[in-house]
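Asks: Everything below, folded, please.
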Amino acid sequence: MKIENPSDLEFSALISSKICHDVIGPVGAIYNGLEILDEDDDAETQSYALDVIRNVTEQASSRLQFARFAFGAAGSAGAQIDLTMAEQISRGYVGKGKHTLVWNGPAGHMAKDYVKLLLNLLSCSVTALPRGGTLTVSILGDVESPNFEIRCSGASARPPQYLTDIIAGTSDGELNAMNIQAYYTWRLAAQTGLRIEIAQDGDDILVAALP
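Replies: All right, here's what the predicted structure looks like:
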């Protein structure tokens, strides 16, 4: 079923819901950790609570930084973004848990919309590895007219949740906070003159943005 384009107000509301969904978990964990510090004087418990607070604070900060560049303006129209910063943001977003990021790309600056597309492709690709694995990002071509490929390698690799249906036009037609990023990624690709392709290569899943 073809998805109807949302109004500007609906679109902004859904993106806001997506960002809140991603951040509310770690922010809630920070609050819980502070409660433990207030209520329990045991040294071991307090040390554990502080470790939790540090970890989830870093996670919340990384997700907000990612959202700023993936969804926000991140500079004026036509702005260029440093690819070293894009890599740093991506590593913070992927984190140090069950996913590993390998980044293959040139140094330099790239037009904002291309970087936004790459960041959103990466976020969608994380869902291709529900049990964890390696995400290998490759920036192909030149920085003026790049192509992107993300190889998702890991146990039970599968096509990215939501993105596959939106590209194929097989979605149920309803946009919500869970699938709005896939829709946004699809729209970004069209805006940059690229098309998204998802393919299986052996046990791996390839997510690419090509001319």
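
Asks: quick one, what contacts the residue most central in space within the chain?
Replies: Nearest to the mean C-alpha position of the chain, by C-alpha atoms, centre = their mean, lies S123 at 2.4 Å. Applying C-beta atoms under 8 Å, 6 or more residues apart in numbering, we find S123 in contact with F66, A70, Y93, Q181. To be clear about C-beta, it is placed using only N, CA and C from the backbone, and glycine gets the same treatment.

Asks: now do W103
Replies: By C-beta under 8 Å, 6+ apart, the neighbours of W103 are E87, S90, R91, V137.

Asks: What strands flank the host helix or strand of it, and is each parallel or antiparallel?
Replies: Assigned by DSSP states H and E, W103 falls within strand 99-104. If you go by DSSP bridges, strand 99-104 pairs up with strand 133-141 (parallel).

Asks: C-terminal to the partner strand, what's the next element?
Replies: For strand 133-141, the following helix or strand on the C-terminal side (DSSP H and E) is strand 146-153.

Asks: Tell me which other helices or strands the top helix by length along the chain touches.
Replies: Scanning the chain for the helix with the most residues, using DSSP state H, yields helix 8-39. When contacts are defined as 3 or more C-beta pairs under 8 Å, 6 or more residues apart in numbering; DSSP states H and E, helix 8-39 packs onto helix 43-70, helix 180-191.

Asks: Just the buried residues of the longest one, please?
Replies: What it means is helix 43-70. 49, 52-53, 55-56, 59-60, 62-64, 66-67, 69-70 (16 or more other C-beta atoms under 10 Å).

Asks: try stretch 175-190
Replies: Quick answer for stretch 175-190 (16+ other C-beta under 10 Å): L175, A177, N179, I180, Q181, A182, Y183, Y184, T185, W186, L188, A189.

Asks: can you list contacts of the host helix or strand of A86?
Replies: Secondary structure from DSSP H and E places A86 in helix 83-94. Residues outside helix 83-94 that contact it (C-beta under 8 Å, 6+ apart): 58, 61-63, 65-66, 69, 100-101, 103, 105-110, 115, 118-119, 122-123, 126, 135, 137, 139, 143.

Asks: quick one: the residue nearest to Y48 when sequence neighbours are not counted from L50, how far?
Replies: Once flanking residues are discounted, Y48 sits nearest to I36: 7.9 Å by C-beta to C-beta, 6 or more residues apart in numbering. Distance from I36 to L50, counting by C-beta to C-beta, to the nearest Å: 9 Å.
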